[in-house]
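Q: give me a model of this one.
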Amino acid sequence: MAAPGALLVMGVSGSGKSTVGSLLASELGWKFYDADDYHPEENRMKMEKGIPLNDQDRIPWLCNLHDILLRDVASGQHVVLACSALKKVYRDILIRGKDGGPLKCEQMRKDKQPAEVKLLVVYLSGSFEVISGRLLKRKGHFMPPELLQSQFDTLEPPSDPENFIQINVDKNLSEIIATIMGTKIT
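A: Prediction:
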């Protein structure tokens, strides 16, 4: 398989996506995006109030992220994206944009051809107990720990034929990075 143009570091809130993704991007010399930075204000407000996001909240956000990935990869820039991407359909949208999801993205491509991003999914997995313990120690994030169960309820772990690796968050950070770096990503 050809090397991916982008890595998606995914998992529930508190799994370490941003930490792993930013360190990985630094190691690889790739650009890093944290999907949380692209949530519209309405999404942030819902989460701050303890209201889980639904598909209608997430799909335009995911379409925007797909457009960013596509733009960078098309220009030759490799990318690491930290994003929950809890459902397969969400990961499909990140890969194919509007053609990957049940709802249409705002921006239609002029050529109407599906524009895919070659993506390797890095799934950071862990138990509810381990991840909730991490969330309780985290300060200053808009995602309250009370929403973690809704994320586990929504989670559809990657499976074949998705291009993915799964890493348990019980490992230390250097082991997680070494495992990812040991895959065929460059």
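Q: name the element L65 belongs to?
A: Using DSSP states H and E, L65 maps to helix 55-74.
Q: buried sites along that helix?
A: Of the residues in helix 55-74, 57-70, 72-73 count as buried by neighbour count, 16 or more other Cβ atoms under 10 Å. No exception for glycine: its C-beta is placed from N, CA and C like everyone else's.
Q: what comes into contact with the lowest-mean-pLDDT helix or strand in the chain?
A: Lowest by mean pLDDT, DSSP states H and E among the helices and strands of the chain is helix 128-137, with a mean of 86. For helix 128-137, contacts defined as Cβ atoms under 8 Å, 6 or more residues apart in numbering pick out V12, S13, G14, S15, G16, M143, P145, L148, Q149, F152, V169, D170.
Q: please apply the same query to stretch 161-181.
A: Here stretch 161-181 has contacts from 1, 4, 7, 11, 15-16, 19-20, 23-24, 27-28, 88, 91, 119-126, 130-131, 157-158, 183, using Cβ under 8 Å, 6+ apart.
Q: tell me where this protein has strands.
A: Applying DSSP state E to the chain gives strands spanning 6-10, 31-34, 79-82, 119-125, 164-168.
Q: can you work out which other helices and strands pack against the longest one?
A: Applying 3 or more Cβ pairs under 8 Å, 6 or more residues apart in numbering; DSSP states H and E, one finds that strand 119-125 contacts strand 6-10, helix 17-28, helix 88-96, strand 164-168.
Q: give me the contact list for stretch 61-73.
A: Contact partners of stretch 61-73, identified using Cβ under 8 Å, 6+ apart, comprise 5-6, 31, 33, 35, 38-40, 43, 78-79, 81, 83, 85, 90, 93-98, 100-101, 105-107, 115, 117-119.
Q: average pLDDT for that stretch?
A: Averaging pLDDT along stretch 61-73 gives 94.
Q: can you pull up the most central residue in the chain?
A: The residue lying closest to the centre of the chain (Cα atoms, centre = their mean) is C83, at 2.2 Å.
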